[in-house]
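A.B. asks: Here is a sequence with its predicted model. Questions after.
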Amino acid sequence: ARVSFFDLEGIQVLRGPQGTKGGKNTTAGAINVITRKPSDEVETSGDVLFGNYNRIMNRGAVNIPLSESAAIRSSFIIENRDGYLENLSFGNNDRDAFDVDSYGMRTHLRLNPIDTLELLGTYHYFGEKGVGPQADLIPLDTTCPAIPFLGIPEEIKSTLPRLAICLGPGQQVATAETDPRAIYTNQASSQSNRYWGWTGSGTWDAPHVELVGETQLKLLFGFQETEIDFKRDFDGTDKFVVDVDSFNDSQQYSGEAQWSSVGSELVDWQLSAFYMREESTARAFVRTNADLNIPVEQFTENIAYGGALHTEWYPHETLTLSLGARYTKDKKRSKLFRNNDSPNTFGGRLVGCTGVLDGLSGGQPKDPVP
């Protein structure tokens, strides 16, 4: 959802269940975003969009046939817009949140070495910079009434970030009541994200086979990398409560084989096999006003594979019966490292660790369960 859609041929919405035909996790249905593919004609197109908040968006595409059996199509998008929230802490230094500073491109290469075989390779890239999203306060009662803190013992209330309005009057609270689009933060938020990858497919119209008829074999494979790098004033106030620096790198490999009938008047069927492997590494550094400097690192791996059979029977021109089955196997593992090297009385423990809260009433926290 973070990547802009451009140079589209159409969007297909399929009502569920689609679990045995549309792929893994499509029981409720599927939405297919279909990009324009290379054609046999020379084509160029483009447009420019202007809007308020100094918005300007440029889009363009070019299609070039290379020969009778090859064609290439490239498209791009560039968009810039000022942020919706004006950050008064930094004046006119382009620190307004919910801005847009994005750019992307996509290239398709289509090959038809023989009439019954089509090969398609795609490379895509999308990047976004600027400030990005930012927490925004909702004005509340600035008298800061007593808060039960969900039964948390009195001993640790002073170490928890209070509601932003309870930190003192500050500029943020007064401004939020009079100007809902003005904010103050103590840290300038920013982002530098990119998403890129390549995909390939091969479609072969197989020769006629007795008892099976006309069939089609399709192979799909691809690679996707996502890098999310951001700095956030997590509390969204001009007070130093929680600031976060975070980086996430995710790599995904996938492949699928589909064998299906073509043009059957009685029964259509599709047999498929699927494999995916994804690795993700996330690093974050959390700073709080309670002298807590917490580095966090997490590694996650996900492997999924399976197969499916989908059939459709047409006993009458007004009646279709569908029957299918899918088997999926998921393997997931994750490692989390989080260190709270704090000088406070809790000995560097995290409040959320099992066993810590039980020991506070006696003055000494218990060792958390590993």
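C.D. replies: Perfect, thanks for sending it.

A.B. asks: which SSE is the nearest residue to residue 307 once chain neighbours are set aside in?
C.D. replies: Leaving aside its sequence neighbours, residue 307 sits nearest to residue 273 (C-beta to C-beta, 6 or more residues apart in numbering; 4.6 Å). C-beta: built from backbone N, CA, C; applies to glycine. Element membership for residue 273, per DSSP states H and E: strand 267-288.

A.B. asks: Same check on residue 60?
C.D. replies: Going by DSSP H and E, residue 60 is in strand 55-67.

A.B. asks: mind listing what that strand pairs with, with the direction of each?
C.D. replies: strand 43-51 (antiparallel), strand 70-81 (antiparallel) (DSSP bridges).

A.B. asks: quick check, distance from that strand to the centre of its chain.
C.D. replies: Relative to its chain's centre, strand 55-67 lies at 25 Å (C-alpha atoms, centre = their mean, to the nearest Å).

A.B. asks: what comes into contact with that strand?
C.D. replies: Here strand 55-67 makes contact (C-beta atoms under 8 Å, 6 or more residues apart in numbering) with 6-7, 36, 38-50, 71-82, 100.

A.B. asks: hmm, back to that, for the strands paired with strand 55-67, which one ends up most surrounded?
C.D. replies: Stretch with highest mean neighbour count among the strands paired with strand 55-67: strand 70-81 (a mean of 18; mean count of other C-beta atoms under 10 Å).

A.B. asks: Tell me which other helices or strands the longest strand seen in the chain touches.
C.D. replies: With secondary structure taken from DSSP state E, the chain has its longest strand at strand 293-316. Helices and strands touching strand 293-316, by 3 or more C-beta pairs under 8 Å, 6 or more residues apart in numbering; DSSP states H and E, are strand 267-288, strand 319-338.

A.B. asks: need the contact list for the residue nearest to residue 307.
C.D. replies: Residue 273 sits next to 256-257, 305-307 when contact means C-beta under 8 Å, 6+ apart.

A.B. asks: still on that earlier bit, and the angle for the longest strand of the chain with strand 267-288?
C.D. replies: Relative orientation of strand 293-316 versus strand 267-288 (axes from the mean of the first three to the mean of the last three C-alpha atoms, to 10 degrees): 170 degrees.

A.B. asks: how close does residue 93 get to residue 217?
C.D. replies: Going from residue 93 to residue 217 by C-beta to C-beta, to the nearest Å gives 57 Å.

A.B. asks: the more surrounded of these two?
C.D. replies: More neighbours surround residue 217 than the other of residue 93 and residue 217, with 14 against 9 (other C-beta atoms under 10 Å).

A.B. asks: So what's the gap between the helix or strand hosting the more buried one and the chain middle?
C.D. replies: Taking DSSP H and E as the definition, residue 217 sits inside strand 213-233. The chain centre lies 12 Å from the centre of strand 213-233; the measure is C-alpha atoms, centre = their mean.

A.B. asks: Report the buried residues of that strand.
C.D. replies: By neighbour count on 16 or more other C-beta atoms under 10 Å, the buried set for strand 213-233 is 215-216, 218, 220, 222, 224, 226, 228-233.

A.B. asks: wouldn't residue 333 be in contact with residue 279 here?
C.D. replies: No: the criterion here is C-beta atoms under 8 Å, and residue 333 misses it with residue 279 at 10.4 Å.

A.B. asks: Which one of these two is surrounded by more residues?
C.D. replies: For residue 333 and residue 279, the more surrounded residue by other C-beta under 10 Å is residue 279, and the numbers stand at 14 against 9.

A.B. asks: so what's the more buried one up against?
C.D. replies: 250-251, 299-301.

A.B. asks: Was I right to think residue 270 contacts residue 262?
C.D. replies: No: using C-beta under 8 Å, residue 270 and residue 262 do not qualify as a contacting pair, with a distance of 10.6 Å.

A.B. asks: out of those two, which sits in the more crowded spot?
C.D. replies: residue 270 (19 against 12).

A.B. asks: which residue sits closest to the more buried one, ignoring its sequence neighbours?
C.D. replies: Among residues not flanking residue 270 along the chain, residue 260 sits closest, at 4.0 Å (C-beta to C-beta, 6+ apart).

A.B. asks: Check residue 225 too.
C.D. replies: residue 251 (5.1 Å).

A.B. asks: For the one you found, pull up the helix or strand it's in.
C.D. replies: Here residue 251 sits within strand 242-261, counting by DSSP H and E.

A.B. asks: Packing partners of that strand?
C.D. replies: In this structure, strand 242-261 makes packing contacts with strand 213-233, strand 267-288, judged by 3+ C-beta pairs under 8 Å, 6+ apart.
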